[in-house]
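Participant: heads up, no residue letters with this:
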C-alpha cells in the first residue's frame, strides 16, 4: 500500500531533550516536506527536500533540522525542543518538486513539550 | 496579510444544501491550486485540483479566478460525510501555502 508513515504518533517530552520524528514513504517520491499545524494558522512548511541530500528552509525552520540521506526517509530533528514547538506535525511527499503533483501526508505526530 | 486566506467558518448546513467556500491568495505568481479535505485529527487528503477553466467532480465544483486571485469550492447536495475542514492550497514554485481551513458541518 502506498503510504507515508511517521513515528511516533504521539510524544510528550520536556524542554531541551533532543528528539527525532521519523518519516518514510514507499512511493519513490522525490519531494518530501515537513509541516506543523496550529489552530488558526493552518499548515506551515518547516523544511522541504527536492531530492537526496537537497534540503531547504520553509516558512518556519527555526529550531528544526532535517536530513535526506535516502530517498525514502526524511527525519525531523528538534535539537532542543521548547514549549512553542508543541504542535501537530505532518510529513508529506509528492512525486516531483513541481507544484502540480498531489501531496500525500503521513498520519501526523502530536508533540507536546513541557 | 496572510498569503492564503479562508473564511474559518464554521459553516453549519442541513443535508442536501449547497455550500460554497472562497479562498483568496496574495501572490500573483502562484501557479497551481488545490482543495484538500481534512477530517478531525487526521491528515489532509487531496479533494481536487483547481484548473483555470474550472473543474467538476461529482457534487464538487472548483473554480479559479486569476484576475481577482481567488479560488472557490462548491458542494452540492451536501452529505453528512462531507463534514470536515476544507483547506485551500496554493503553490508558488516548489513551496506550498495552505489556508487555515474552513470547517463544514452538515446536519441531518
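Facilitator: Good, I have the coordinates. Computed from a prediction, not measured in an experiment: that's the story for all the values here.

Participant: which residues sit in contact with whichever residue of chain B sits closest to chain A?
Facilitator: Nearest to chain A in chain B, going by CB to the nearest CB, is residue B:91, at a distance of 2.9 Å. (Each C-beta comes from the backbone N, C-alpha and C, glycine too.) Contact analysis of residue B:91 by CB atoms under 8 Å, 6 or more residues apart in numbering or on different chains lists A:99-100, B:30-34, B:97.

Participant: which among these end up buried?
Facilitator: Buried members of these, scored by 16 or more other CB atoms under 10 Å in any protein chain shown, are A:99, B:30, B:32-34, B:97.

Participant: now stretch B:49-66: average pLDDT?
Facilitator: Confidence over stretch B:49-66, taken as the mean pLDDT, stands at 92.

Participant: check contacts around the closest residue to residue B:45 other than its chain neighbours.
Facilitator: For residue B:45, ignoring the flanking residues on the chain, the nearest one in space by CB to CB, 6 or more residues apart in numbering or on different chains is residue B:37 at 5.7 Å. Shown in contact with residue B:37 (CB under 8 Å, 6+ apart): B:44-47, B:84-87.

Participant: list the buried residues for the longest strand anywhere in chain B?
Facilitator: Among the elements of chain B assigned as strand by DSSP state E, the one spanning the most residues is strand B:84-92. Within strand B:84-92, the residues that qualify as buried are B:84-92, counting by 16+ other CB under 10 Å.

Participant: tell me which helix or strand the most centrally placed residue in chain A sits in.
Facilitator: With distances taken as CA atoms, centre = their mean, residue A:34 lies nearest the centre of chain A, 2.8 Å away. In this structure, residue A:34 is located in strand A:31-38 according to DSSP states H and E.

Participant: span of stretch B:54-62 from start to end?
Facilitator: Distance between the two ends of stretch B:54-62: 6 Å, counting by CA to CA, to the nearest Å.

Participant: for residue A:18, the count of nearby residues, please.
Facilitator: Counted with other CB atoms under 10 Å in any protein chain shown, the burial measure for residue A:18 works out to 10 neighbours.

Participant: wait, isn't it in contact with residue A:64?
Facilitator: No. Between residue A:18 and residue A:64 there is no contact under CB atoms under 8 Å: 11.8 Å.

Participant: intersection of neighbour lists for these two?
Facilitator: Residues touching both residue A:18 and residue A:64 (CB under 8 Å, 6+ apart) are A:77-78.
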